[in-house]
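S.K.: Quick check, what structure comes out for this input:
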Amino acid sequence: MRSGALDRVPAPALFVASGLTQYVGAAIAVGLFATLAAPTVAWLRIVVAAVVLLAWRRPWRVRWERRDLAAAALFGTVLAAMNVAFYVAIDHLPLGTAVAIEFIGPVAVAAVTGRGWRERVGIALAAAGVVLLAGVTVHAGGGPTSSSGWSRSACRRCAGPGTSCSAGGSRSAAPG
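M.R.: Here you go, the predicted model:
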């Protein structure tokens, strides 16, 4: 197996780059929602990603087994479904909240599989990043601001009595 430049990049750097590209792509997509439907924007992203992947990896240079093709097709189908679902979510939820929800899975996997103190610090930082992306705020005193009951209650349990909590607002212009 040959070693490439990507093999020498530390895993945390790949994780950060992955998160940044996901967030920038989502921010660009939100700007396109005024002219295109969310599923259309998702499919455009999938097509562009496929073209870039084909140009980069040139899969025609390798002999593919039927099992490998089936696995690649299944993986591509799952990724496409995930992207369409994510783009529909960011059309209905605040961008930070949708991205934070998407990162809950990888953070949960890291929490379950992490063993040493460095992994635990990384998990805590990632969890803090998810909270920051979601726009959750804690206010000492005062009444609750607009947020879902679930996030208010979870925030109060963590922050303690005498606090009010809110999450990022909705993207809709007026209540319907």
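S.K.: ranges for the helices of the chain?
M.R.: Ranges of helices in the chain, per DSSP state H, are 11-32, 38-57, 66-92, 95-113, 117-134, 149-159.
S.K.: chain center to the second one, what's the gap?
M.R.: Between the centre of helix 38-57 and the centre of its chain there are 17 Å (C-alpha atoms, centre = their mean, to the nearest Å).
S.K.: which helices and strands does that helix pack with?
M.R.: Helices and strands touching helix 38-57, by 3 or more C-beta pairs under 8 Å, 6 or more residues apart in numbering; DSSP states H and E, are helix 11-32, helix 66-92. C-beta here means a position set from N, CA and C on the backbone, and glycine is covered the same way.
S.K.: re the thing from before, out of the helices of the chain, nearest to G4?
M.R.: helix 38-57 (10.9 Å; C-beta to C-beta).
S.K.: tilt between the closest one and helix 11-32?
M.R.: Angle between the axes of helix 38-57 and helix 11-32 is 140 degrees (criterion: axes from the mean of the first three to the mean of the last three C-alpha atoms, to 10 degrees).
S.K.: Can you pull the phi/psi pair for A37?
M.R.: Here is the backbone geometry of A37 (degrees, to the nearest 10): phi -70, psi 150.
S.K.: Now do it against V51, distance only.
M.R.: 21 Å (C-beta to C-beta, to the nearest Å).
S.K.: Looking at the helices and strands packed on helix 38-57, spot the one closest to R58.
M.R.: Taking the helices and strands packed on helix 38-57 one by one with C-beta to C-beta, helix 66-92 is closest: 14.1 Å.
S.K.: got the buried residues for that closest one?
M.R.: Within helix 66-92, the residues scored as buried using 16 or more other C-beta atoms under 10 Å are A80, N83, V84, F86, Y87, V88, A89, I90, D91.
S.K.: Which strands or helices does it pack on?
M.R.: Packing partners of helix 66-92 (3+ C-beta pairs under 8 Å, 6+ apart): helix 11-32, helix 38-57, helix 95-113.
S.K.: Right, I'll leave it there.
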